[in-house]
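Asks: Sequence and predicted structure below; questions after.
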Amino acid sequence: TLIRSKQWYQRRVRGAGDVVVTVDGPEGSEPVKVEYSATGDTPGVYTGAYHPKDEGEYVVNVTFCGVDVPKAPFKVKIYNDGPRNKVDPKKVKVEGPGVTGEDILPDENAWFKINYTEAGPAEPKVEIVGPDSQPVAFQVEQDGKGEQYVSYKPPKFGMYNVAINFGGMPLPNSPYKVKISPKVDASKVKVAGLAQIVRIGDSPVFNIDASAAGEGKMEAQVVSPSGKLLKFVLDDDDAGHHTLKINPNEVGTHTISLVYGKVPVPHGPFSVKVRPECEPDKVKVSIENTALRIGQPTKFKIDSTEAGNGDLKVRILDNLGNEVDVDHDQNDYGMDTFTFTPKKEGDYTVDVTFGGEPVTEEKLTAEPRLKLDKLNIFGDGLNSNKPLKVGEECKMTIDASRAMTGDIVIREKDPSKMHQDSPADLELLVVGPDGRPVTLEIEESEEGVFKVAFTPDKAGDYLFVAESEGVAAPKCPIPLKARGLKSVKVFGPGIEPSGNLCGFDTHFIVDAREAGEEKLHVDIGGPGTGEFKPMPTITEPKKGLFNIKYDVSLHNMYDVNVKYGEESLNQGKPYKPKVHTHSVGAFPSTRRRVEIQVTHMSLEAPSTCSVDDYIDVRLKYAQRFKTLAKVCGPSQPPTVKVIGPARKMVDTKTSVQDSVYKIRASPVETGPHKVVVRCSDSDLVYGSFSNMFEITK
């Protein structure tokens with residue numbers, strides 16, 4: 001180093017702290033003034049200079065935070081200026097992209113040449129510092145005498161400082177500021193296909209469009225989830241369009257790093273999730289309605305779009321393990337619809353597999369659309385013993401609001417099976433007395449409530465049946481009774497207003513053969529009470545044909561009430577027969593007219609009469625006189641004869657007291673006896689009547 005030349009140096013320090021530089025000259029020399037400062041472009045790099053005045057060894061001390069930097073202190077020998085030692089840094093020539101940065105990219109070779117053939121007897125010294133203040137390695141090749149070839153590879157974009165000293169002095173332009181800049185706009189690179197689903201066995205292709213990013217080289221790196229580099233194929237069409245094809249063999253997230261023109265593509269590295277070839281757990285099964293209804297189609301959908309590659313199989317088994325027919329409709333790739341119709345009550349199993357692996361095995365229960373145990377049937381003749389009436393409409397109600405699980409169909413049962421293809425949920429049937437179905441009218445008055453009506457056309461027993469698929473509803477079949485009271489006929493003298501005599505039997509007939517089977521009730525009311533109250537005797541010689549016999553002891557108006565079942569005949573009004581006294585005759589018109597009325601006749605005998613017993617016949621009569629009547633009665637008292645079974649007269653004894661005749665008879669044989677009463681005047685018979693009684697042993 002020459003005396004009086006300005007000595008230049010450059011040091012790089014890292015971290016935060018004070019840098020102190022001092023220079024000690026040879027012994028006895030004047031103190032050396034040092035000027036130094038931080039380089040503005042590169043942080044941590046300081047440049048300084050000092051002027052040696054004496055020949056000898058100088059010591060340059062550099063400390064950072066009070067500590068010597070590595071290799072410090074530095075020793076520099078200064079010589080006197082002379083012709084042999086003269087060097088001139090200004091005559092050193094430097095050229096090449098390594099000091100200009102032109103067309104240089106990271107990791108590419110940057111070179112420059114140093115020509116110092118005319119600069120004097122010294123050797124160039126080179127130091128390169130990168131953007132991060134780190135030294136950059138370089139290679140020096142001697143290219144002939146007085147010429148060096150220097151090359152380095154900048155690791156990244158940024159500002160580099162290339163410092164060149166010659167003969168201990170910096171070149172005029174040193175340090176050279178070399179800026180390595182991108183030649184492309186990587187933000188304009190577009191990557192497509194990253195959202196696609198990739199599975200093991202697939203060979204996905206990603207499209208990379210760099211046509212608007214400038215001219216550069218596309219580089220890629222694919223890393224598997226285990227950290228291994230994955231092979232790939234990267235093609236381009238020389239127009240900025242590239243395709244990247246990979247063949248993943250691991251499940252998990254793969255990363256794709258793209259570098260264009262040495263510039264990483266923004267938003268990278270890109271993630272590609274690789275899924276297994278088959279994922280049964282990704283299959284989605286959606287059942288339309290888990291509450292199955294018998295006879296109603298049930299749909300369920302299966303979405304396997306995210307499940308990968310595999311065979312989809314669906315089976316539906318009933319509670320006996322038998323497969324049920326299933327309709328399959330593929331709407332789109334991976335979207336399938338299945339439909340089946342449960343035909344009987346019970347549990348069903350939906351078994352779905354994908355790629356041979358189970359997806360779901362769901363249990364479903366098929367319920368009848370109508371639960372018979374919750375069905376409520378009520379109406380005329382159903383919940384009471386009150387019979388229906390012929391010709392009058394019978395109304396019933398079927399309340400299924402709590403019994404149905406959805407819309408139901410109720411209709412009249414079709415014995416011809418014409419609607420067998422569309423069965424009803426509830427079938428109704430009413431069978432008449434002749435065994436034939438009766439026409440029904442069915443109407444839904446409100447949701448789940450049905451009104452049913454029919455009109456019985458004849459009396460008799462009817463049968464109401466409500467059933468679902470052959471199973472009868474609770475309490476069914478229900479018997480019904482129809483009574484045609486209008487068809488009941490009542491006739492005979494016993495209900496007529498004339499023709500009935502006291503003391504004699506009378507009768508009438510009730511013809512209910514067309515009114516159905518019921519009990520006949522007859523009650524006779526009138527003036528008599530106790531032993532004088534008429535008591536009817538009812539016999540039924542034929543089914544539904546009744547013969548009613550009764551006798552009365554007193555003359556007057558009577559009320560005959562006749563009920564068939566619980567219904568009164570004659571529109572609830574009693575029949576009113578009139579019982580007359582026995583008219584036993586009248587005197588000729590030339591004589592005064594008088595009428596004898598027999599008001600009472602009775603037979604007095606033990607409860608069981610036998611031969612050798614006696615009976616008493618009492619006869620009481622009264623006289624009613626006409627105007628100017630002077631005769632108080634017939635000229636002769638009544639005669640009473642008792643005639644036995646063989647038409648033999650029975651001995652009698654007669655006594656009279658206060659118009660009461662007492663005749664005592666002594667029968668001598670068993671069998672029916674007849675009492676004949678005769679009232680007469682001379683040879684004129686005014687009237688007679690008879691009564692019967694039985695003599696037993």
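Replies: Structure received. Numbering: from 1, shown residues only.
Asks: CA only for contacts and neighbour counts going forward, please
Replies: Will do.
Asks: Name the residues of stretch 163-172 that come out as buried.
Replies: In terms of neighbour count (16 or more other C-alpha atoms under 10 Å), stretch 163-172 has its buried residues at 163-171.
Asks: same check, this time on stretch 359-372
Replies: Neighbour-count burial for stretch 359-372, with 16+ other C-alpha under 10 Å as criterion, is recorded at 359-360, 364-372.
Asks: Can you list the neighbours in contact with it?
Replies: The contact list for stretch 359-372 (C-alpha atoms under 8 Å, 6 or more residues apart in numbering) reads 280-281, 283, 285, 290-294, 342, 344-353, 400, 403-408, 425-426, 468, 473-474.
Asks: Return the subset of those residues lying in helices.
Replies: The helices in this structure, assigned by DSSP state H, contain none of the contacts of stretch 359-372.
Asks: what about the closest residue to residue 122 other than its chain neighbours, distance to residue 77?
Replies: The spatial neighbour of residue 122 that comes closest, neighbours along the chain excluded (C-alpha to C-alpha, 6 or more residues apart in numbering), is residue 167 at 5.0 Å. Using C-alpha to C-alpha, to the nearest Å, we find residue 167 at a distance of 11 Å from residue 77.
Asks: Check residue 486 too.
Replies: Residue 486 sits 156 Å away from residue 77 when distances are taken as C-alpha to C-alpha.
Asks: Equivalent analysis for residue 235, please.
Replies: Remark: distance between residue 235 and residue 77 (C-alpha to C-alpha) = 61 Å.
Asks: what does residue 147 give?
Replies: As it turns out, when the distance is counted by C-alpha to C-alpha, residue 147 lies 25 Å from residue 77.
Asks: One more: residue 28?
Replies: When distances are taken as C-alpha to C-alpha, residue 28 and residue 77 turn out to be 16 Å apart.
Asks: more crowded one of these two?
Replies: Under the neighbour definition other C-alpha atoms under 10 Å, residue 28 and residue 77 were set side by side, and residue 77 has more, 16 against 7.
Asks: what's the closest non-adjacent residue to the more buried one?
Replies: For residue 77, the nearest residue in space outside its immediate sequence neighbours is residue 57; the separation is 4.4 Å by C-alpha to C-alpha, 6+ apart.
Asks: Check which helix or strand that neighbour maps to.
Replies: In this structure, residue 57 is located in strand 56-64 according to DSSP states H and E.
Asks: Please give the number of neighbouring residues around residue 267.
Replies: Neighbour count for residue 267, taken as other C-alpha under 10 Å: 9.
Asks: on that earlier part again, restricted to buried residues, select the contacts of stretch 359-372 in ChimeraX.
Replies: A single ChimeraX command selects the buried members of the contacts of stretch 359-372 (16+ other C-alpha under 10 Å):
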select :280,283,285,292,293,294,342,345,346,347,348,349,350,351,352,353,400,403,404,405,408,425,426,468,473,474
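Asks: Flag every buried residue along stretch 221-234.
Replies: Per 16+ other C-alpha under 10 Å, stretch 221-234 contains these buried residues: 222-224, 230, 232, 234.
Asks: which regions of the stretch 101-250 of the chain lie under the pLDDT threshold?
Replies: For the stretch 101-250 of the chain, not a single residue meets the criterion pLDDT under 70.
Asks: which one of the buried residues of stretch 163-172 sits closest to residue 560?
Replies: Sorting these by how near they are to residue 560, with C-alpha to C-alpha, puts residue 163 at the top with 150.0 Å.
Asks: Let me know the next secondary structure element after the helix or strand hosting the closest one.
Replies: Element membership for residue 163 (DSSP H and E) is strand 158-166. Sequence-wise, the next helix or strand downstream of strand 158-166 (DSSP H and E) is strand 169-170.
Asks: so who does residue 334 touch?
Replies: 302-305.
Asks: Those residues, buried ones only, as a PyMOL selection?
Replies: Here is the PyMOL command that picks out the buried ones among the contacts of residue 334, judged by 16+ other C-alpha under 10 Å:
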select buried, resi 302+303+304
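Asks: Could you dump the contacts of residue 334 into CSV with distance to residue 72 added?
Replies: CSV is the format used below for those (distance: C-alpha to C-alpha, whole Å):
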residue, distance to residue 72
302, 79
303, 76
304, 73
305, 71
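Asks: and which of the contacts of residue 334 is nearest residue 32?
Replies: Looking at the contacts of residue 334 and their distance to residue 32, the nearest is residue 305, at 83.4 Å (C-alpha to C-alpha).
Asks: any idea of the pLDDT on that closest one?
Replies: pLDDT for residue 305: 84.
Asks: Same question for residue 25.
Replies: According to the predicted model, the pLDDT of residue 25 comes to 85.
Asks: got it, and the one 5 residues further on?
Replies: Turning to residue 30, the model gives it a pLDDT of 77.
Asks: Repeat that for residue 530.
Replies: Looking at residue 530, the pLDDT reads 64.
Asks: now do residue 605
Replies: Predicted confidence (pLDDT) for residue 605: 50.
Asks: and what of residue 612?
Replies: Looking at residue 612, its pLDDT stands at 57.
Asks: Could you dump the buried residues of stretch 163-172 into CSV with distance to residue 644 added?
Replies: Below are the buried residues of stretch 163-172 laid out as CSV (distance: C-alpha to C-alpha, whole Å):
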residue, distance to residue 644
163, 177
164, 180
165, 183
166, 186
167, 189
168, 187
169, 187
170, 184
171, 184
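Asks: Kind regards, and thank you for your time.
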